[in-house]
Every structure is written in C-alpha cells, then in structure tokens.
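Asks: Using only what follows, build the 3D model:
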Amino acid sequence: MARLGKKPIEIPEGVNVKVENQKVFIEGKKGKLVQEIFPNLSVIVEDKKILVKNQVEPKNKKLYRKTNALWGLLRSLLANMIKGVSDGFEKILEIHGIGYKGEVRGNKLILSVGFTHPVEIEIPKEISVEVSKNTIIFIRGADKQKVGEFAAKVRKICPPEPYKGKGIRYRGEYVRQKATKAGVEAKK
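Replies: Residues are numbered from 1 along each chain as shown. The predicted structure is shown next:
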C-alpha cells in the first residue's frame, strides 16, 4: 500500500492550483509550474488540500504495483511544486582554489577555474544565479529539478580534486584529502 500517496498536500496562502486535461497547474509568487498526471491516477483539489487518488483496483496486481509507485512519485512532485512556487529552492556552490572565481554577466555564468580560457554557461530563464565574493554561487528557482540540474552542470565543469581540494563543490560537501606519493616515499 502506498502510504505517501495517501497524505494530502496543504495549499498555502497565495498559491493557486488548477487541474485541467490531465495536467496540474500551480501558480505562486515565485512562478508557474505544470505537471502532467500519470495514467490511472487522478488529482482532486478541495478545501485548500490536494489529494492524489489511485484508480486501479488491487485485484490487478501487476498494474496496481506500478501505479502505486507512480502515486507516491506524483504526490512528491506536487508537494515540491507547491514548495517551489511559494518559497523556492536554492543550491549553494563554493569555488575553492587560488585564482578561481566566478561572475554573472547578462544571462551567462562565467567561471575562471584553471583552464586557459574562462568557461561560459548559459543561465536558463527560470533560474536566477548570484555570485558573492567571487567564490560563492547561489542558484535559485521554483523548479527543484532545474535548480539541481543546473547546479550539477556547474559543479561538473571543475569537480573538487582529492589532493589539494581545488574545484567547485556544494556548500557543506566533504572532500576527502589523499596523501601524495611523496609522503609515502618519505617513510622508507
């Protein structure tokens, strides 16, 4: 039995939810998001709550198991959309390394991270990027998936290396330092 799918989602003040043509439209102060409803599931909006219902009978075991998984997934996606349009999501990246820095110019994020040329990344329209002190990158937006994907794309340009710890990492990410070969030879 899907336990997460059964829980209703509270709709906060200032958020509008509309269900039309197997799609859920959620609008708030941070933006608008749309989610398609999976087959054999339905979404009901009543009394400032969203309920996701499974339309498949438990007798059809194979289809019921599949829709049970999608039931919880759809509920989680809708809960994230509600949080995104009301509060928004944020990822914070840190740039470590001497001479490494980042800046925002127009709709591009420009990173100088040890390559012969600065790396330019196009910032999607739905996302806002801010660079503080040239080394801290704030990525904000209403869509959790797009914020996470863009943060991963930025981190992938120069992931933290294990010897000196230089590179781009998430705030709070631990990078295990390795000993160099010179340290091993000194013991002989």
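Asks: can we go C-alpha only for contacts and neighbour counts from here?
Replies: Noted.
Asks: now the strands for this protein?
Replies: 9-10, 16-20, 23-28, 31-36, 41-46, 49-54, 89-96, 101-105, 108-112, 119-122, 127-132, 136-141, 167-170 (DSSP state E).
Asks: how far away is the residue lying closest to V43 once chain neighbours are set aside from K18?
Replies: Nearest non-adjacent residue to V43, counting by Cα to Cα, 6 or more residues apart in numbering: V52, 4.6 Å away. Going from V52 to K18 by Cα to Cα, to the nearest Å gives 13 Å.
Asks: more crowded one of the two?
Replies: Higher neighbour count among V52 and K18: V52, with 22 against 13, using other Cα atoms under 10 Å.
Asks: Report pLDDT for the more buried one.
Replies: If you check V52, the pLDDT there is 87.
Asks: cool, G5 as well?
Replies: Per-residue pLDDT puts G5 at 77.
Asks: quick one on the thing from earlier: could the strands of the chain be laid out in a markdown table, adding distance to G72?
Replies: Converted to a markdown table, the strands of the chain look like this (distance: least, Cα to Cα, whole Å):
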| stretch | distance to G72 |
| --- | --- |
| strand 9-10 | 12 |
| strand 16-20 | 18 |
| strand 23-28 | 16 |
| strand 31-36 | 14 |
| strand 41-46 | 11 |
| strand 49-54 | 9 |
| strand 89-96 | 21 |
| strand 101-105 | 38 |
| strand 108-112 | 36 |
| strand 119-122 | 34 |
| strand 127-132 | 27 |
| strand 136-141 | 23 |
| strand 167-170 | 28 |
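Asks: Select, out of those, the one closest to K156.
Replies: Smallest distance to K156 across the strands of the chain (Cα to Cα): 8.0 Å, for strand 167-170.
Asks: Before I go, just wanted to say thanks for your time.
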